[in-house]
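[1] Sequence and predicted model, in that order:
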Protein chains: 2
Amino acid sequence: MDNVGEVQMARVATREALRFMTDCLKAVGAASRAAQQQAELLIEADRVGHPSHGLNRLELYVNDIISGACMPNNEPKVLKETASTAWIDANNVLGATVSHFAMDIAVKKAKESGVGWVSVKGSNHNGMAGYWARKASEKGLIGMAFTNTSPLLAPTRSKKAALGTNPLSVVAPASAGETFYLDMATTAVAVGKIEMQMRKEEKLPNGWAQDPDGKETNDAHLAFKTGCLMPLGGGEQTSGYKGYGLAAMVELFCGILSGSNYGHHIRSWSHSGDGGPANLGHCFVALDPECFAPGFGDRLTDCIHHWRELEPADPSSPVLAPGDKEKKHAELTDAKGTVSYVKQQIESSAALAKRLKVTPMKVEPEI
Amino acid sequence: MDNVGEVQMARVATREALRFMTDCLKAVGAASRAAQQQAELLIEADRVGHPSHGLNRLELYVNDIISGACMPNNEPKVLKETASTAWIDANNVLGATVSHFAMDIAVKKAKESGVGWVSVKGSNHNGMAGYWARKASEKGLIGMAFTNTSPLLAPTRSKKAALGTNPLSVVAPASAGETFYLDMATTAVAVGKIEMQMRKEEKLPNGWAQDPDGKETNDAHLAFKTGCLMPLGGGEQTSGYKGYGLAAMVELFCGILSGSNYGHHIRSWSHSGDGGPANLGHCFVALDPECFAPGFGDRLTDCIHHWRELEPADPSSPVLAPGDKEKKHAELTDAKGTVSYVKQQIESSAALAKRLKVTPMKVEPEI
């Protein structure tokens, strides 16, 4: 095992991790295509360096299928549509199944009318928002994706959470092989970052999380136990109400527009699958830049290059364009042909393999 | 004069302030309707408590008209359109003129096809983004408005600014008389807040602004002089790159989509009007919630009520729903029938009246 910081890591061939995840989902009854699409979504998160949304999530999906909270072989259906909109019932399928279905419709409508705006209810977690926005970008369109999630974000001044980490993503095709890629939770940080500080026995910066009294805390253990994140911007003095407003905006586009569960009505985050169907809401938008000024891709690339070339305050930390971190991580993954997981993840995957009677995930020998 | 904090304030009848602004714009040649619409936009900012976007901006518009940088009596025109999109050349008119023109088109397309997405080039400052999003909301639609602005925001790690404060706004009609109202710059704070700390001789919180070396500064005087704001989220450790990403996203919807000036190509903020046409870009979106699940307004009101009723960490600071601050300020303004301006603003307005030979703004007697 390698050591990254103080965390022990193990390497797994990217294809082997994909195979393992597909097999696990098939073992609990998902049809081949649904299992494959969900596994592709998860491996992409590991590939671009967002492990919280990768293999780490597999057991949650597996448990939801076993408990009947998710029905992977149902079919999503369109409930209502216009030239540029569609309202969809996911019918409780896996997040990847309905997200492909919905974004395909958004793309088709954008090609026909300029914009496609699609709202989904009755869904399950659909992984990295950026994966779906990128799907539209690969067709030459500006893609956007939003999803609601279980309550974890405390509105400014509130003692407890009432909104999810509610991510938003915008991905757009630029010229010269560049892509604008923004995928962000509307909390300051994800729970995983607090867990990491806790493991390293380091204090939290201001603006990340609250204690049970609703006060900002620097205690990583207390923050992890409380599970109450601050919005992007942190406290009120640093405009955390803007992050709260963005999380609310994402909920407006997801649960409130689609009629799924929303905000405080969403089941709390859990791996048990005991809470019944999640009934989450998503939103997918595709917009055709060809409907506006010619030269969109060139202007976007001009900006991306300009940002990267800005003089940094610290010469050892170059300025990045949105998405550069993910792009670099993906290139490294592809060059090595392997993804890395923390030891704990390898162990829980082995236990899962045993439980589901699938071939365990093969770990690469230490270098 | 009243004292708010240490700042001397004077009251002016709301109608008188509107009259004065209209007269000033007419005095430099704007036709009656264009002058009236621009003045209505400005007075609304003063009414809801965003004085930076109100009377405070008048002289900038006046100077741009005098110098020929803005041509208030031109007409905006549609360059390209589809069922759900339009690309518009503002033809260098006042921001209010083209923003009414563009949002009217977005609303019409949303009523017909579900969505209207309109991109504008060749424009000037168009005031509070929320004013335009609210225009769609008043027609029963979800309204969105975005605009680019002169560079003031330093991308994460950068020594200097490369993007504007690039505001975004989403306004939506709820039931029971409620409205969801989000209008936010993508910087942590506006320059005006730094000015206020400077006047009070107080230090800046972390995460607001940079010094000339690109380091976070707590020195309000240095920050004001440097004019380099940090994105929403502040430094890298508190995810300021998300605010940078949002500012970039707004630019993508505005200058990059419309072919106006964008990012680092926009003239620097100035009251001189010497820089030639601003050629700013805006984006207006209208979306019909009727195209999705019935009950949109009720779900939105359920959330708004839930947020307001959350237990606050500090019992003296109740939790607010997005837009509550503006709503309360507008109610107070309407009850009094007056808006308040700092003494400096009253003096510069008197000087402007003299310069333009218009009837000076009448100040209410002290109470």
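    Looks like it arrived, so ask away.

[2] Make sure A:R11 is indeed in a strand.
    Yes: judged by DSSP: H, G, I helix; E, B strand; the rest coil, A:R11 forms part of a strand.

[3] okay, now it: neighbour count?
    20 (other CB atoms under 10 Å in any protein chain shown). From N, CA and C alone the C-beta is placed, and that goes for glycine too.

[4] In chain A, where's the longest helix?
    As assigned by DSSP state H, the longest helix anywhere in chain A is helix A:95-113.

[5] Only the buried residues of that helix, if you could.
    A:95-107, A:109-110, A:113 (16 or more other CB atoms under 10 Å in any protein chain shown).

[6] and of those, the nearest to chain B?
    Closest approach to chain B among these (CB to the nearest CB): A:S113, at 4.1 Å.

[7] Would you check how far apart that closest one and B:A278 are?
    From A:S113 across to B:A278, the span is 31 Å (CB to CB, to the nearest Å).

[8] Name the residues of the stretch 51-200 of chain A found near chain B, please.
    Counting by CB under 8 Å from any CB of the partner chain, the residues of the stretch 51-200 of chain A lying close to chain B are A:80-85, A:87, A:112-115, A:117, A:119, A:121, A:142, A:155-160, A:162, A:170, A:172, A:180, A:182, A:184, A:188-189.

[9] Buried members of those residues into PyMOL, please.
    Listed next is the PyMOL selection for buried residues among these, using 16+ other CB under 10 Å:
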select buried, chain A and resi 80+81+82+83+84+85+87+113+114+115+117+119+121+142+155+156+157+158+159+160+162+170+172+180+182+184+188+189
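
[10] Counting only helices, which of the residues of the stretch 51-200 of chain A next to chain B make the cut?
    Using DSSP H, these in helices are A:E112, A:S113.

[11] hang on, A:W307 packs against A:L320?
    Yes: between A:W307 and A:L320 there is a contact at 7.5 Å, judged by CB atoms under 8 Å.

[12] any idea which residue sits dead centre in chain A?
    A:M128 (2.3 Å; CA atoms, centre = their mean).

[13] who's in contact with that residue?
    Neighbouring residues of A:M128 by CB atoms under 8 Å, 6 or more residues apart in numbering or on different chains: A:L41, A:E44, A:A45, A:V48, A:H50, A:H53, A:S169, A:D183.

[14] try A:D183
    Contacts of A:D183 (CB under 8 Å, 6+ apart): A:M128, A:A129, A:G130, A:A133, A:P167, A:L168, A:S169, A:V171, A:G323, A:E326.

[15] three-state assignment of A:G207?
    Assignment for A:G207 (three-state DSSP): coil.

[16] My guess is it contacts A:T238. True?
    Yes: counting by CB under 8 Å, A:G207 touches A:T238, with 6.4 Å between them.

[17] Quickly list what's touching both of those two.
    Common neighbours of A:G207 and A:T238 (CB under 8 Å, 6+ apart) are B:G207, B:G234, B:T238.

[18] and those residues near chain A, which?
    Okay, of the shared contacts of A:G207 and A:T238 touching chain A (CB under 8 Å from any CB), that's B:G207, B:G234, B:T238.

[19] Distance from whichever strand or helix holds A:E251 to the middle of the chain?
    For A:E251, the host element (DSSP states H and E) is helix A:240-251. Counting by CA atoms, centre = their mean, to the nearest Å, helix A:240-251 is centred 17 Å from the centre of its parent chain.

[20] Then stretch A:198-216?
    Distance, centroid of stretch A:198-216 to centroid of chain: 23 Å (CA atoms, centre = their mean).

[21] swap in stretch A:337-357?
    Distance of stretch A:337-357 from the chain centroid (CA atoms, centre = their mean) equals 20 Å.

[22] And stretch A:299-316, by the same measure?
    Chain-centre distance of stretch A:299-316: 26 Å, with CA atoms, centre = their mean.

[23] for stretch A:47-67, same thing?
    How far stretch A:47-67 lies from its chain's middle: 11 Å, per CA atoms, centre = their mean.

[24] same deal with stretch A:252-259?
    18 Å.

[25] what does stretch A:37-44 give?
    11 Å.

[26] Give me the mean pLDDT for that stretch.
    Averaging pLDDT along stretch A:37-44 gives 98.

[27] now do stretch A:313-333
    97.

[28] Equivalent analysis for stretch A:343-359, please.
    96.

[29] export that stretch as PDB, just CAs?
    Provided in PDB are the C-alpha atoms of stretch A:343-359 (Å, rounded to 0.1, in the frame of the first residue of the first chain):
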ATOM      1  CA  LYS A 343      -7.500   0.700   3.000                       C
ATOM      2  CA  GLN A 344     -10.800   0.900   4.800                       C
ATOM      3  CA  GLN A 345     -12.600   1.100   1.400                       C
ATOM      4  CA  ILE A 346     -10.700  -2.000   0.100                       C
ATOM      5  CA  GLU A 347     -11.800  -3.900   3.300                       C
ATOM      6  CA  SER A 348     -15.400  -3.000   3.000                       C
ATOM      7  CA  SER A 349     -15.400  -3.900  -0.600                       C
ATOM      8  CA  ALA A 350     -14.000  -7.300   0.200                       C
ATOM      9  CA  ALA A 351     -16.800  -7.800   2.800                       C
ATOM     10  CA  LEU A 352     -19.400  -6.700   0.300                       C
ATOM     11  CA  ALA A 353     -18.000  -9.200  -2.300                       C
ATOM     12  CA  LYS A 354     -18.400 -11.900   0.300                       C
ATOM     13  CA  ARG A 355     -21.900 -10.900   1.200                       C
ATOM     14  CA  LEU A 356     -23.100 -10.700  -2.400                       C
ATOM     15  CA  LYS A 357     -21.000 -13.700  -3.500                       C
ATOM     16  CA  VAL A 358     -19.200 -11.800  -6.300                       C
ATOM     17  CA  THR A 359     -15.600 -12.100  -7.300                       C
END
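
[30] and that stretch, how far from the chain's centre?
    For stretch A:343-359 - counting by CA atoms, centre = their mean - the centre lies 23 Å from the chain centre.

[31] Same question for stretch A:171-187.
    With CA atoms, centre = their mean, you get 14 Å for stretch A:171-187.

[32] returning to what we had before: need the max-distance pair from the contacts of A:D183.
    Across the contacts of A:D183, the longest distance by CB to CB is 15.4 Å; it joins A:L168 and A:E326.

[33] what's the strand or helix carrying A:I346 packed up against?
    Per DSSP H and E, A:I346 falls inside helix A:343-356. Using 3 or more CB pairs under 8 Å, 6 or more residues apart in numbering or on different chains; DSSP states H and E, the elements in contact with helix A:343-356 are strand A:7-13, helix A:14-27, helix A:58-66.

[34] need the residues of the stretch 251-367 of chain A near chain B, please.
    Residues of the stretch 251-367 of chain A lying near chain B (CB under 8 Å from any CB): A:251-252, A:255-259, A:262-264, A:287-289, A:291-296, A:299-300, A:303, A:306-307, A:310-314, A:317-320, A:322.

[35] Of the residues you listed, which belong to strands?
    Those of these mapping onto strands are A:L287, per DSSP state E.

[36] Just the angle for the helix or strand harbouring A:E331 relative to helix B:240-251, thanks.
    Element membership for A:E331, per DSSP H and E: helix A:324-336. Relative orientation of helix A:324-336 versus helix B:240-251 (axes from the mean of the first three to the mean of the last three CA atoms, to 10 degrees): 110 degrees.
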